[in-house]
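Peer 1: Here is my input, please return the structure:
(one chain, ligands or ions: 1)
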Amino acid sequence: MAIDPVIETGDSMPAINILDCPKKMFRWTRQQQVNGDLVGVVPTMGALHEGHLSLVEAARTRCEKVVVTIFVNPTQFGPNEDYERYPRTLQKDVGLLSDLGVDCVFAPSKEDMYPQGSSTTVAPPAVATMLEGECRPEHFGGVCTIVLKLLQIIPADLACFGQKDFQQALVIRNMVRDLNLPTEVAICPIKREPDGLAMSSRNVYLDAGERKRALSLVQALRQVPEAIGQGIKDTGLIETRMKEFLRPFVDRIDYAVVVDSETLECLEAVERTVVGLIAAYIGKTRLFDNCVVSVAGETDLLIESNH
Ligand code: PAF
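Peer 2: Just a heads-up that it's a prediction; the model follows:
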């Protein structure tokens, strides 16, 4: 979609820069850093919602300049996934970002990011192999490749990712560590609708009945702190509770697990901090959600204080 390279945002706000050229984006980033400003980046695929905007705010608290990238990355979608129908709302996204005072939007084309003949890819770290890695074998290779490219183009001081995609956040954090990238990775809390549904660009696919059924993910996750709080340590038992809760509402469960929150490895018993992770289909829409729970049953699933 064609869009003005600079959008005026009224008297009090400076104009937002919109760049699509990787070289110009790199020079812009370096210029801010030479001027003494810290640069924060929020990589997105657009179709922005409050969850993304909270990442922008998190970047803003730590950095003088904030860049948001908008690129629907083809290499992270499987052959039968929703690449073609993924919502593309560039004009609206840019409006939201300029209202928030974002300094720069990087919205490259497919050809900018994957020039003709490009064939180099990133082999993802070990934490990519389970769960999503089993269900979607190509996915994290595509995510790591695009995030590395974005962090080459925008060598930001801080990059903010959402905890909603928990495994993705760990994969990226480990890749950044393993490849000695200079950018710090921040993993920011999940934004939820007032009833608890985790915000996601894919929620727009849900019809009214599906939207109601989608709540079962967060409700099933509540079983995790509840069970641990009751002294149940056996992860198998807790997983069974989650699945039994989910089954009447969802059309397919890809996984509903309680695993180590750092490595995502299976645990027989809850002996350290765990994460409950669910991926399930509501109709044709694949949704995920998660919550981190300590051995004492303390959790980040605090819906009331999260909106
Ligand atoms: O989480 C997303 O929106 C994407 O996976 C990301 C990190 C922007 C890479 O395309």
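
Peer 1: Now do stretch 188-197: distance from first to last residue.
Peer 2: 17 Å (CA to CA, to the nearest Å).

Peer 1: for the record, mean pLDDT for that stretch?
Peer 2: For stretch 188-197, the mean per-residue pLDDT is 97.

Peer 1: now swap in stretch 154-171 and tell me
Peer 2: 98.

Peer 1: Of all the residues in that stretch, which ones are buried?
Peer 2: Buried positions in stretch 154-171, judged by neighbour count with 16 or more other CB atoms under 10 Å: 154-171. Every C-beta, even on glycine, is put in place using the N, C-alpha and C of the backbone.

Peer 1: Sort out which of these are in strands and list them.
Peer 2: Counted as lying in strands by DSSP state E, out of the buried residues of stretch 154-171, are 158-162.

Peer 1: Please list the residues of the stretch 101-250 of the chain that sit near the ligand.
Peer 2: For the stretch 101-250 of the chain, the residues in contact with the ligand (CB under 6 Å from any ligand atom) are 143, 146-147, 165, 168.

Peer 1: Without its sequence neighbours, what residue ends up closest to Arg241?
Peer 2: Excluding its sequence neighbours, the residue lying closest to Arg241 (CB to CB, 6 or more residues apart in numbering) is Gln223, at 4.6 Å.

Peer 1: Just give the number of residues close to Asn35.
Peer 2: By other CB atoms under 10 Å, 9 other residues sit near Asn35.

Peer 1: correction: Thr263
Peer 2: 13.

Peer 1: Now it: closest residue in space, sequence neighbours ignored.
Peer 2: Val127 (6.4 Å).

Peer 1: three-state assignment of that neighbour?
Peer 2: helix (DSSP: H, G, I helix; E, B strand; the rest coil).

Peer 1: Surely it touches Leu170?
Peer 2: Yes: using CB atoms under 8 Å as the test, Val127 is close enough to Leu170 to be in contact (4.9 Å).

Peer 1: Report the set of residues contacting both of the two.
Peer 2: Here Val127 and Leu170 share the contacting residues Leu264, scored by CB atoms under 8 Å, 6 or more residues apart in numbering.

Peer 1: that older thread, got the ones in strands among the buried residues of stretch 154-171 as a markdown table, with distance to Gly51 columns?
Peer 2: Shown next, in a markdown table, are those (distance: CB to CB, whole Å):
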| residue | distance to Gly51 |
| --- | --- |
| Leu158 | 18 |
| Ala159 | 16 |
| Cys160 | 11 |
| Phe161 | 11 |
| Gly162 | 6 |
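
Peer 1: Show me the helices in the stretch 201-307 of the chain, by range?
Peer 2: For the stretch 201-307 of the chain, the helices defined by DSSP state H, counting those that start in this stretch cover 208-229, 235-246.

Peer 1: Quick one: those helices as JSON lines, columns for distance to Ser200 too.
Peer 2: Formatted as JSON lines, those follow (distance: least, CB to CB, whole Å):
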{"stretch": "helix 208-229", "distance to Ser200": "9"}
{"stretch": "helix 235-246", "distance to Ser200": "17"}
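
Peer 1: Reformat those into CSV and put mean neighbour count, distance to Glu57 and mean pLDDT next to each item.
Peer 2: Listed next are the helices of the stretch 201-307 of the chain as CSV, based on neighbours: other CB atoms under 10 Å; distance: least, CB to CB, whole Å; pLDDT from 0 to 100:
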stretch, mean neighbour count, distance to Glu57, mean pLDDT
helix 208-229, 19, 22, 97
helix 235-246, 18, 31, 98
